[in-house]
Structure formats: C-alpha cells, structure tokens
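**Q** coordinates only, sequence not included:
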C-alpha cells in the first residue's frame, strides 16, 4: 500500500536556503549591536549573547527530545535571540531574558511546527510577554552613557511626549541613537545600514517596509495631538521603534504576492498608528504587527486566488 508523506511548507524551490538568509539577517544586525554596546555599555553584548545562546539551546534540546530534524544551526534562532534582546532595556534582569527566550522559541515557534509554521513573530511575542507580566522591569530605560546627563533612567522620547512632556532630544540625536530606549532600537542610522545590506543581498522586500512606515506616518500626522494635520512626522519616525519594526519585525511575511505583502503592511501600519494616537501606549509596534500576523487568514480572503498552471487574466 502506497504511503503519502506530508511535508510542511514552505514549498517554494530556490537556491537560497533558510540558513543562508538568516545568516545574512544576523550579519545585518551587527551594526545595531555595536551601537548598543557603544551607547549602553558591554552589558548590551552580554544580554544579546545570553539571549541568542538560550534560543539556540532551547531549539536544539526540543528537537532532540521530540526526535525531529535539528535545525538549530540555521541561524533563525540566532535572529530571534538578537531581536529579542534588541527589544529589552540594558537594565533588564538576566532571568527575564532567559524566560522570554525559552517562551519565544518553545511555545511560539517550535510548538507550532518550527520555522515557517509559527503564526506570529516569536521575538515580538516574547516582547509582549514581558510587557504584560513584567512591565516595571522592561519599560524602564536608561540614558545613553555618551550623554552627560544627571538622570540615570528616563522614558523614551515618544513616552515623554505622550504624557505631555517635551521630547528633550533633537532629531539628529534620535537618528543617531543618543536617546533612552531598548538596546537595538535607538540608532536608526545603524538599523538602516543593516537594512540596506539586506536589500543589497536581495533577502528583504523594501516596498512592504516602506508601506508600513508611510501608513504610520501619514495617519499620525493627520490625526495629530493638537488636531488634524498637527502630527510630528520626524518624531514618529525617529522617536521610537518604527524603523526596527518595519525593517526586522514586519519582514517575517505571511504573504508571497506583492499585493498581499502591501495589504499586510498597511494593515499593521493602521493598527500601529491607531494605538499611538488613541491608546495610552506611545509605541504600538508590537501590537500592530502581531495583530496583523493573526489577521493573515482574514486578509488572504481579499486576494483573488490564482490557480497555478493557468494564465492570469
């Protein structure tokens, strides 16, 4: 009797392997990592290394225990570990990093079938866990050591503005990274350097990232804090985690087609902007992208299906 073997997706054939793609993503994150060390000290490197090690080890042990193919060396767990650390402040306790890394890999990625089968971004889901369970420890940020400031801890730029205060930093400082924030999100310059590398290597879709950024900026400008068309475009672009979200979180696409990716990006942008405008949260990146992940099935209904092997009309 013939046996039918079901193989998990993706089923697209290409010379580029998962390991190759994730290796390039890991390389693209190195400038932001070096920037985190420069602005926040050597502990940034320690936390990132710890997060990566726990992610890789968790994936390896789970696949060994369940007798599955070991893919811990494909660098996908490395990327998750780096992005997870990049969403944490330098003061975060090490045990929170460990717990969050195990949660992201084990419960969000592996228990849903591993890479390609997880329904949400593991690093962002780990970030959401910390925001809900330990908000006091992961939402307290420190001023970069490159600034001669009296205050040790401070709110992010968007957080300060959201509560009615002043930004306190110039647009140039926000762009370079001399602001309080999570380890990897502060330097927009270094994030864009890494994103340009990925675009050059052809492993990322810049159109979707730009669609997401444009959607957030247009909506936050139109529905500004002082009335219509009073939003600060540069503040919303450089003052938070919009760029790391667009360049490294949103790029975990659930659509293959160009139209689907843009629809997905715009949906995430609308939700992110709505949270920034109408909620008490200053950011909205985490909620926006995760909600778009969960809405992928519903969004696919708006796409006209094409039967492979037939010509498009």
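**A** Received, thanks. Quick caveat: nothing in here was measured; it's all calculated off a predicted structure.

**Q** residues touching residue 31, list them.
**A** 190, 191, 193, 194 (C-beta atoms under 8 Å, 6 or more residues apart in numbering). From N, CA and C alone the C-beta is placed, and that goes for glycine too.

**Q** Which of those fall in helices?
**A** If you go by DSSP state H, those have 190, 191, 193, 194 in helices.

**Q** Identify each buried residue in stretch 108-117, please.
**A** Judged by neighbour count using 16 or more other C-beta atoms under 10 Å, the buried positions of stretch 108-117 are 108, 109, 110, 114, 115.

**Q** make that stretch 138-154, sorry
**A** Quick answer for stretch 138-154 (16+ other C-beta under 10 Å): 138, 139, 141, 142, 143, 144, 154.

**Q** Show me what whichever strand or helix holds residue 172 is packed up against.
**A** Counting by DSSP states H and E, the element that carries residue 172 is helix 171-176. Contact analysis of helix 171-176 by 3 or more C-beta pairs under 8 Å, 6 or more residues apart in numbering; DSSP states H and E lists helix 188-201, helix 233-238 as its packing neighbours.

**Q** export the ones you listed to CSV and tack on mean pLDDT?
**A** Formatted as CSV, these follow (pLDDT from 0 to 100):
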stretch, mean pLDDT
helix 188-201, 96
helix 233-238, 95
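
**Q** Dump those to a markdown table, plus distance to residue 17.
**A** Compiled in a markdown table, the helices and strands packed on helix 171-176 are given as follows (distance: least, C-beta to C-beta, whole Å):
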| stretch | distance to residue 17 |
| --- | --- |
| helix 188-201 | 13 |
| helix 233-238 | 34 |
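
**Q** Any chance of those helices in CSV with distance to residue 266 and mean neighbour count as columns?
**A** Output for the helices and strands packed on helix 171-176, formatted as CSV (distance: least, C-beta to C-beta, whole Å; neighbours: other C-beta atoms under 10 Å):
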stretch, distance to residue 266, mean neighbour count
helix 188-201, 19, 19
helix 233-238, 16, 19
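
**Q** looking at those helices, which is closest to residue 174?
**A** helix 233-238 (3.7 Å; C-beta to C-beta).

**Q** who touches that closest one?
**A** 157-158, 161, 167, 171, 174-175, 188, 213, 216-217, 220-221, 242-243, 276.

**Q** What is the lowest-pLDDT residue among those?
**A** Confidence by pLDDT is poorest for residue 167 among the contacts of helix 233-238, given 85.

**Q** before we move on, the earlier item: from the middle of its chain, how far away would the helix holding residue 172 be?
**A** 20 Å (C-alpha atoms, centre = their mean, to the nearest Å).

**Q** And for stretch 47-64?
**A** Worked out by C-alpha atoms, centre = their mean, stretch 47-64 lies 18 Å from the chain centre.

**Q** same check, this time on stretch 211-227
**A** For stretch 211-227 - counting by C-alpha atoms, centre = their mean - the centre lies 20 Å from the chain centre.

**Q** Return the set of buried residues in it.
**A** 211, 212, 213, 215, 216, 217, 219, 220, 221, 223, 224.

**Q** Secondary structure and distance to residue 94 for those residues - can I get that in JSON lines?
**A** Shown next, in JSON lines, are the buried residues of stretch 211-227 (DSSP: H, G, I helix; E, B strand; the rest coil; distance: C-beta to C-beta, whole Å):
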{"residue": "211", "secondary structure": "helix", "distance to residue 94": "37"}
{"residue": "212", "secondary structure": "helix", "distance to residue 94": "32"}
{"residue": "213", "secondary structure": "helix", "distance to residue 94": "33"}
{"residue": "215", "secondary structure": "helix", "distance to residue 94": "37"}
{"residue": "216", "secondary structure": "helix", "distance to residue 94": "33"}
{"residue": "217", "secondary structure": "helix", "distance to residue 94": "36"}
{"residue": "219", "secondary structure": "helix", "distance to residue 94": "38"}
{"residue": "220", "secondary structure": "helix", "distance to residue 94": "35"}
{"residue": "221", "secondary structure": "helix", "distance to residue 94": "40"}
{"residue": "223", "secondary structure": "strand", "distance to residue 94": "40"}
{"residue": "224", "secondary structure": "strand", "distance to residue 94": "40"}
